[in-house]
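Enquirer: I'd like to go over a predicted model; first the sequence, then the structure.
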Number of protein chains: 2
Amino acid sequence: MKSGLSFLIAALRCEIDALEQLARTSALVGTIGRLVHALQRERGISNVLLASRGQRFASQRSEQIAECLRVEEAVRASFDRLEADAGRIGNGARLFSRIAWVLPGLEALPELRRRVGALELSPAEATAAFVKLIAGLLAVVFEAADGATDPEISRQLVAMFNFMQGKEFAGQERACGGAAFASGHNDSARQQQWLHLIESQERCFQVFAEFSGTDLAELWRASQSPAQLAEQERLRRIACAAPSGMALDTDLSQTWFDCCSRRIDAMQSVEERLAADLRRICEQKTSQARAELQAHDALLAKLAREAGTPAIFFDEQPAADAPGHPQTMGSATPYGRQLERSILEMVQEQSHRLQAMSDELDTVRAALNERKLVERAKGLLMAHRRLSEEEAHKMLRQTAMSQNRRLVDVAESVLSMAEYLPREPASRAPHT
Amino acid sequence: MKSGLSFLIAALRCEIDALEQLARTSALVGTIGRLVHALQRERGISNVLLASRGQRFASQRSEQIAECLRVEEAVRASFDRLEADAGRIGNGARLFSRIAWVLPGLEALPELRRRVGALELSPAEATAAFVKLIAGLLAVVFEAADGATDPEISRQLVAMFNFMQGKEFAGQERACGGAAFASGHNDSARQQQWLHLIESQERCFQVFAEFSGTDLAELWRASQSPAQLAEQERLRRIACAAPSGMALDTDLSQTWFDCCSRRIDAMQSVEERLAADLRRICEQKTSQARAELQAHDALLAKLAREAGTPAIFFDEQPAADAPGHPQTMGSATPYGRQLERSILEMVQEQSHRLQAMSDELDTVRAALNERKLVERAKGLLMAHRRLSEEEAHKMLRQTAMSQNRRLVDVAESVLSMAEYLPREPASRAPHT
């Protein structure tokens, strides 16, 4: 039969396990960030290649594909390492399910590249394909953030997910604006989508700044030069404030692309810093927990040498007369009692610390709720209206754009009327 | 490098692991229920022994102690089994920390029993000791419920925790009323405490009925005979509506005790049924997940034999043309494509199912929030006013009683003024 102290140690071991797991997941998130960045560049280059009917960026493209393949290998290796550790991951099922979704996307990349190289796709089609793959990769990051069990690490992961998502919206804005300037005109549908991308981006960076701490938020602000921001805002205004159908200067397409790319590259350096901070926090927390475990192990050994188990548990509040108070430190207390008392205090302290962590975690995780609401609303539409995921998302986005509301508010409206909708028969799966 | 299907299977394996773990935790909860019941009886018997200065219930007490020791052994064995599996438990740290707290209580039981046997304690002191130990055991059950990852099992565990907690309030009411009738008078402090125990009890059974499903709620209603309920309400009225200090008929103490005990024993049979249902649900879910895993394994083997990976991921919505739709089933679709399509659909279906489960889980877990709020408010008071846990709880309860508000409402008020309180230095632990 094990003693209370053994379970105090078992609790600590669980914490260490969870932290080591978080370190692995965090490393994966950093690697995914690099792959997303590489794919965003490939998307931009592919767009130019297709728009120029193969005249421009052919060699840049092969270099970029080589870079993508290198990072993809690192991501896949991280996936495999995670799978080997399957049993120890808290939200393993959801994380793995997201990975299961993204892998066929990676498998399909060579064929996508072949089609781009053969100029078989329009820029819009190629963009959509990359957007889908990157969304899948970001969903993995989201689950990693949602599954974190340490509030400080969770906070950092929430900041990182929102930064990556904001960066992806910025990448989509680059593509959207690039297409507008290259085609020489804009229309109101694209203008609406564009404004939506700007708004979503800003919302993400806001959440990032809220969770990343002052240093990183400052780094992020400093990384954007005012001149460059002004130039981007000028180009946005030209394209978005223009009456629908009015001609745009096609020469601005290169200016727009370079301006966006400088901003996105600056984002990448902030993201690398976020990833480095995350690694550092994980290491710190793990070694801190290990040191505590060692201290407890020593105490356990000491306890094993001592005898006697007085009924101190039922004496009045062990925490009331905390160590440092004269009556505990006084020689009147027998040694065995004092040892037992200090174990009870350690257990109580641990339990309060874990409780406080769990409370803080709930608060941090609430920041992920917006996205969950949107996912739930999508699921509802898919079930009730037999829509695909893409169709459901488009429907929500269009409602948001036409009603000038935030996506999350539309999602909430949809969910609040869930009861009024009839239910489809549950499963349509092929294997049942 | 692993394929998407391997991660789909890894996700399923995680689910199965989690379900098996839940089965173990659920078995522990059932065993704890039996120990709590045995300790509640021992508490009642010890009270009578002490109140009669050793004249009554001496032999019943030795029988009951033997019963307690038998069940305690089963509980400890369950604890040890859980510890052996430490790494695989989602909220392991918190669960183990609760166990670490309760074990010194079990260690201290022999000394408590010696003092009771030697009539060294007052009935109130003995009652307080048993209440503390039982609260520790219920905290383990609470963590088990809070850590469940399957919404249906979580629902059952929430019902069970609330039922056990309600039963414990009923046990405390038996002790409180027993003391009042035995002493031949009641006072307003005890009356307030008594009314509070009735209210807390009813609140617990209400949550139980909400989460247990109609069958069990019906069984619970049927287990309480109207005549017996009427008798208990009559006795409650006599003692609680009497002016403070008025004499009570001491002969009613036996009537009261028997009446409460019949009700509590009836509760035990409902609890056994809850535990049996929980076991059945765990088994069902696990074998269901295993069957699904087998089906997927077969598909994986089939896929390994086929070649080719068309870029179906980037084709428009795989879910839109679901199986059963003519275009997918038609011979126009090459076989490999169809297989790949069905894997993508399986992944999507799994991901939606996991998402729905996680949403439902959030809803069920919200029912545990009341208790968490009270715990948080206690923690706050302990930190800011240097109170012990017991003192903090007493303070909250007294505020609730004097303001005639629910405990959880007082806790919320305390938490809402958290920012106005100064913070104590963080750690007072002896080992730092």
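Expert: Noted; the coordinates are in hand.
Enquirer: Can you pull the residues of the stretch 51-200 of chain A lying near chain B?
Expert: Within the stretch 51-200 of chain A, the positions near chain B by Cβ under 8 Å from any Cβ of the partner chain are A:76, A:79-80, A:83, A:86-90, A:92-105, A:107-108, A:110-112, A:115, A:128-129, A:132-133. C-beta here means a position set from N, CA and C on the backbone, and glycine is covered the same way.
Enquirer: Got a quick PyMOL command for the buried subset of those?
Expert: Only the buried entries of those go into this PyMOL selection, using 16 or more other Cβ atoms under 10 Å in any protein chain shown:
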select buried, chain A and resi 76+79+83+86+88+89+90+92+93+94+95+96+97+98+99+100+101+102+103+104+105+107+108+112+115+128+129+132+133
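Enquirer: Mind checking which of the residues of the stretch 51-200 of chain A next to chain B are in helices?
Expert: A:76, A:79-80, A:83, A:92-105, A:107-108, A:110-112, A:115, A:128-129, A:132-133 (DSSP state H).
Enquirer: and chain A, what are its domains?
Expert: Following automatic domain parsing, one gets these domains for chain A: A:4-286, A:369-417.
Enquirer: need these in CSV with mean pLDDT and distance to residue B:11, can you?
Expert: As requested, the domains of chain A are arranged in CSV below (pLDDT from 0 to 100; distance: least, Cβ to Cβ, whole Å):
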stretch, mean pLDDT, distance to residue B:11
domain A:4-286, 91, 4
domain A:369-417, 84, 17
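Enquirer: out of those, which comes closest to residue B:163?
Expert: domain A:4-286 (25.5 Å; Cβ to Cβ).
Enquirer: what distance separates the start and the end of that closest one?
Expert: Domain A:4-286 has an end-to-end distance of 23 Å (criterion: Cα to Cα, to the nearest Å).
Enquirer: Could you single out the most deeply buried of the domains of chain A?
Expert: Highest mean neighbour count among those (mean count of other Cβ atoms under 10 Å in any protein chain shown): domain A:4-286, with a mean of 19.
Enquirer: Please see if the lengthiest helix in chain A touches chain B.
Expert: Secondary structure assigned by DSSP H gives helix A:252-305 as the longest helix of chain A. Yes. Contact between helix A:252-305 and chain B, assessed by Cβ under 8 Å from any Cβ, occurs at A:295-296, A:299.
Enquirer: Return the residues in contact with residue A:152.
Expert: Contact analysis of residue A:152 by Cβ atoms under 8 Å, 6 or more residues apart in numbering or on different chains lists A:281, A:285.
Enquirer: if we can go back for a sec, what packs against the longest helix of chain A?
Expert: helix A:4-51, helix A:151-183, helix A:214-223, helix A:226-240, helix A:335-366 (3 or more Cβ pairs under 8 Å, 6 or more residues apart in numbering or on different chains; DSSP states H and E).
Enquirer: Could you find the closest non-adjacent residue to residue A:19?
Expert: With sequence-adjacent residues excluded and distances taken as Cβ to Cβ, 6 or more residues apart in numbering or on different chains, residue A:19 is closest to residue A:286, at 4.5 Å.
Enquirer: Thought residue A:23 was touching the one you found, still the case?
Expert: Yes. Residue A:286 lies in contact with residue A:23 (Cβ atoms under 8 Å); the separation is 6.5 Å.
Enquirer: measure residue A:74 to chain B for me?
Expert: 12 Å (Cβ to the nearest Cβ, to the nearest Å).
Enquirer: what kind of secondary structure is that residue in?
Expert: helix (DSSP: H, G, I helix; E, B strand; the rest coil).
Enquirer: how about the closest residue to it other than its chain neighbours, what does it touch?
Expert: What sits nearest to residue A:74 in space, not counting adjacent residues and going by Cβ to Cβ, 6+ apart, is residue A:31, at 5.0 Å. By Cβ under 8 Å, 6+ apart, the contact list for residue A:31 reads A:71, A:74-75, A:78.
Enquirer: And residue A:29, by the same measure?
Expert: A:141, A:144-145, A:157, A:160, A:275, A:278.
Enquirer: and if you look at residue A:199?
Expert: Shown in contact with residue A:199 (Cβ under 8 Å, 6+ apart): residue A:406.
Enquirer: cool, and residue A:45?
Expert: Contacts of residue A:45 (Cβ under 8 Å, 6+ apart): A:57, A:60-61, A:64.
Enquirer: Of those, which pair is most distant in space?
Expert: For the contacts of residue A:45, the farthest-apart pair by Cβ to Cβ is A:57 and A:64; their separation is 8.8 Å.
Enquirer: so what's residue A:22 up against?
Expert: By Cβ under 8 Å, 6+ apart, the contact set of residue A:22 is A:148-150, A:153, A:282.
Enquirer: next one: phi and psi at residue A:250?
Expert: Dihedral angles of residue A:250 (phi, psi; degrees, to the nearest 10) stand at phi -70, psi -20.
Enquirer: Over to residue A:367?
Expert: phi -70, psi -20.
Enquirer: Next, count neighbours for it.
Expert: For residue A:367, the neighbour count with other Cβ atoms under 10 Å in any protein chain shown is 18.
Enquirer: can you pull the contacts of it?
Expert: Here residue A:367 is in contact with A:158, A:162, A:207, A:210-211 (criterion: Cβ under 8 Å, 6+ apart).
Enquirer: Can you check the pLDDT for it?
Expert: Looking at residue A:367, its pLDDT is 81.
Enquirer: correct me, but residue A:270 touches residue A:166?
Expert: No. Under the criterion of Cβ under 8 Å, residue A:270 makes no contact with residue A:166, lying 10.3 Å away.
Enquirer: what about residue A:55, helix or strand, and which?
Expert: Using DSSP states H and E, residue A:55 sits within no helix or strand.
Enquirer: So it versus chain B, what's the distance?
Expert: For residue A:55, the distance to chain B - Cβ to the nearest Cβ - is 24 Å.
Enquirer: give me phi/psi at that residue?
Expert: As for residue A:55, its main-chain torsions (degrees, to the nearest 10) stand at phi -80, psi -30.
Enquirer: so how far is residue B:342 from it?
Expert: For residue A:55, the distance to residue B:342 equals 41 Å [Cβ to Cβ, to the nearest Å].
Enquirer: Kindly report the same for residue A:121.
Expert: 25 Å.
Enquirer: now do residue A:155
Expert: Distance, residue A:155 to residue B:342, using Cβ to Cβ: 40 Å.
Enquirer: distance of the closest residue to residue A:167 other than its chain neighbours from chain B?
Expert: Spatial nearest neighbour of residue A:167, excluding adjacent residues (Cβ to Cβ, 6+ apart): residue A:267 at 4.6 Å. Counting by Cβ to the nearest Cβ, the gap from residue A:267 to chain B is 26 Å.
Enquirer: Equivalent analysis for residue A:38, please.
Expert: Per Cβ to the nearest Cβ, residue A:38 is found 18 Å from chain B.
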